[in-house]
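Q: sequence plus the predicted model coming up.
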Amino acid sequence: MGENIKDQNHLFHSIPPVDWDLLLPDLESIELKLGQVLYEPGTKMGYVYFPTTAIVSLLYEMEDGSSAEIAIVGNEGVVGISIFMGGESTPSRAVVQSAGHGYRIKSGLLLEAFNRSEAFMHLLLRYTQALITQMSQTAVCNRHHTLDQQLCRWLLLSQDRLPSNEVIMTQGLIANMLGVRREGVTEAACRLQKAGLIKYARGHITILDRTGLERRTCECYKVVKDEYKRLLPERLAT
């Protein structure tokens, strides 16, 4: 049972056996629903989440209600790094971007495990460095690259964290994630569909040509993926 769970999240897979045996009884299986808010800015974080088939988007919201995605977390990682980085809250918002399954653990128990095991501590800190790279590269990408390139990057990162080539997401939600107008996403998606790279219908995006998307995207996707591989070499291939 424990080994089956361990294979569902790449961080689980890399936790040393002695630490895994202590952590496993405290993990709670949960369904993560589309649009579910896991954290609000400034609120105390009661749980830390390990997605398996779900994807969680980390968003920053402005005073006028507009928002932009700064990172996504799926089966490669954990949502709630503020708990072991010295804080009990975060200025960002965590929202389920793609519905699915995951596990959660009470924040206090996760912090105990972090402080108890040097190996577990280093694993989570390496993951945090990789996540910071994704955040930094997202900021650079949004400033310097075209919307087509940003959409390709977003689709590739999403597919890396999903069990299939289908992403369930409306263009309105994608626009909210990228911090752009919905019309811009519609036009970009039409161009990708016309090129035979994706198929879009009623909130379902099917990736038809992954290699083509990789050729069309900017260098940001590769930078992020390579950093995860470098810092978490034992993670399962995506």
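A: Right, received. Where do you want to start? Every value quoted in this text rests on a predicted model; they were computed, and no experiment measured them. Residues are numbered from 1 along each chain as shown.
Q: could you chop this protein up by domain?
A: If you go by automatic domain parsing, the domain ranges for the chain are 2-140+227-231, 146-217.
Q: least reliable of those domains by average pLDDT, please.
A: Mean pLDDT is lowest for domain 146-217 among those, at a mean of 87.
Q: which residue sits farthest out from the middle of this structure?
A: The centre of the chain is farthest from one residue, K194, which by Cα atoms, centre = their mean lies 27.7 Å away.
Q: check the gap between that residue and D7 for me.
A: 39 Å (Cβ to Cβ, to the nearest Å). All C-beta atoms are positioned from the backbone trio N, CA, C, and that covers glycine.
Q: how far does stretch 190-199 sit from the chain's center?
A: With Cα atoms, centre = their mean, to the nearest Å as the basis, stretch 190-199 stands 24 Å off its chain's centre.
Q: what's in contact with that stretch?
A: Residues from elsewhere that reach stretch 190-199 (Cβ atoms under 8 Å, 6 or more residues apart in numbering): 148, 151-152, 155, 189, 200, 205-209, 212-213, 216.
Q: and the residue most central in space within the chain, bridged to which residues?
A: Centroid check for the chain by Cα atoms, centre = their mean gives V73 as the closest residue, at 1.6 Å. In this entry, V73 is beta-bridged to V56, by DSSP bridges.
Q: pull out the buried residues from the lengthiest helix in the chain.
A: The longest helix of the chain (DSSP state H) is helix 118-144. The neighbour-count check on helix 118-144 (16 or more other Cβ atoms under 10 Å) flags 120, 123-124, 126-128, 130-131, 133-134, 136-138, 141-142 as buried.
Q: ok, back up a step: any idea how far K229 is from the residue nearest to the centre of the chain?
A: Noted for V73: a distance of 17 Å to K229, by Cβ to Cβ.
Q: quick one: the helices in the chain, in order.
A: So, for the chain - with DSSP H - the helices run 2-6, 10-14, 17-23, 107-116, 118-144, 147-160, 171-178, 182-194, 210-216, 220-231.
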